[in-house]
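Chemist: how would this look folded up:
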Amino acid sequence: MRILILGDFRYDSPHYLLNNPRMFSKGFVRNGHDVLEFGYRDRLLGLSPIRSKKWAVKFAKKKTDNLLFSLARGHKSDLVLIAAFKLLDANTITGLKEILPDAQFVCWYSDMYDGVDP
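Modeler: Have a look, this model is predicted:
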């Protein structure tokens with residue numbers, strides 16, 4: 001199975017070994033699946049001229065979405081696991097669903113924050 005994981009894969013945190021998207025990724029790989037990790041937040045900040053989430057969303061969101069769509073188109077994932085989605089919007093998810101019409105989408109979030117209604 002080909003799996004795309006959208007998550008937070010930062011190594012700059014002392015808790016990176018306990019990072020759940022990383023654990024999911026390792027588990028899928030150990031079970032013989034092809035996993036593509038995409039750190040949306042890291043890519044967004046990396047493509048932005050100003051390393052601030054507020055400004056990155058304004059300056060680099062479209063570039064980040066296009067990069068994600070390009071990778072998804074090439075990977076042809078069967079499963080999309082969304083493990084970090086504070087910066088994702090409906091247009092990004094809709095775009096992924098159009099590119100991967102046969103893929104199953106799973107959203108997992110461990111920390112509730114304002115504006116999310118389960």
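Chemist: any idea what sits nearest residue 83, other than its immediate chain neighbours?
Modeler: Spatial nearest neighbour of residue 83, excluding adjacent residues (Cβ to Cβ, 6 or more residues apart in numbering): residue 7 at 3.7 Å. Using the backbone N, CA and C atoms, a C-beta is placed for each residue, glycine as well.
Chemist: so what pLDDT did the one you found get?
Modeler: Here the pLDDT value assigned to residue 7 is 82.
Chemist: wait, it sits on residue 36?
Modeler: No. Judged on Cβ atoms under 8 Å, residue 7 makes no contact with residue 36 at a distance of 11.2 Å.
Chemist: pick out whichever of those two has more residues nearby.
Modeler: residue 7 (23 against 16; other Cβ atoms under 10 Å).
Chemist: what's the first helix or strand after the strand or helix carrying residue 96?
Modeler: Residue 96 belongs to helix 90-99 when assigned by DSSP states H and E. Downstream of helix 90-99, the first helix or strand assigned by DSSP H and E is strand 104-107.
Chemist: which residues touch that following strand?
Modeler: Outside strand 104-107, the residues that touch it by Cβ atoms under 8 Å, 6 or more residues apart in numbering are 78-82, 85, 93, 96-97.
Chemist: what about 7 Å?
Modeler: Contacts with strand 104-107, where a contact means Cβ atoms under 7 Å, 6 or more residues apart in numbering, come from 79-82, 85, 97.
Chemist: may I have that strand as CSV, with CA atoms only?
Modeler: Only the C-alpha atoms of strand 104-107 are listed here, as CSV (Å, rounded to 0.1, in the frame of the first residue of the first chain):
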residue,chain,number,x,y,z
GLN,A,104,-8.9,6.8,1.6
PHE,A,105,-8.4,9.9,3.8
VAL,A,106,-7.9,9.5,7.6
CYS,A,107,-7.5,12.4,9.9
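Chemist: quick one: low-confidence parts of the protein?
Modeler: Residues of the chain meeting the criterion pLDDT under 70: 10-19, 109-118.
Chemist: now do the helices in it.
Modeler: All helices of the chain, identified by DSSP state H, fall at 20-30, 40-47, 53-75, 90-99.
Chemist: list the helices and strands the longest one packs on?
Modeler: On a contact count with 3 or more Cβ pairs under 7 Å, 6 or more residues apart in numbering; DSSP states H and E, helix 53-75 meets strand 2-7, strand 34-39, helix 40-47, helix 90-99.
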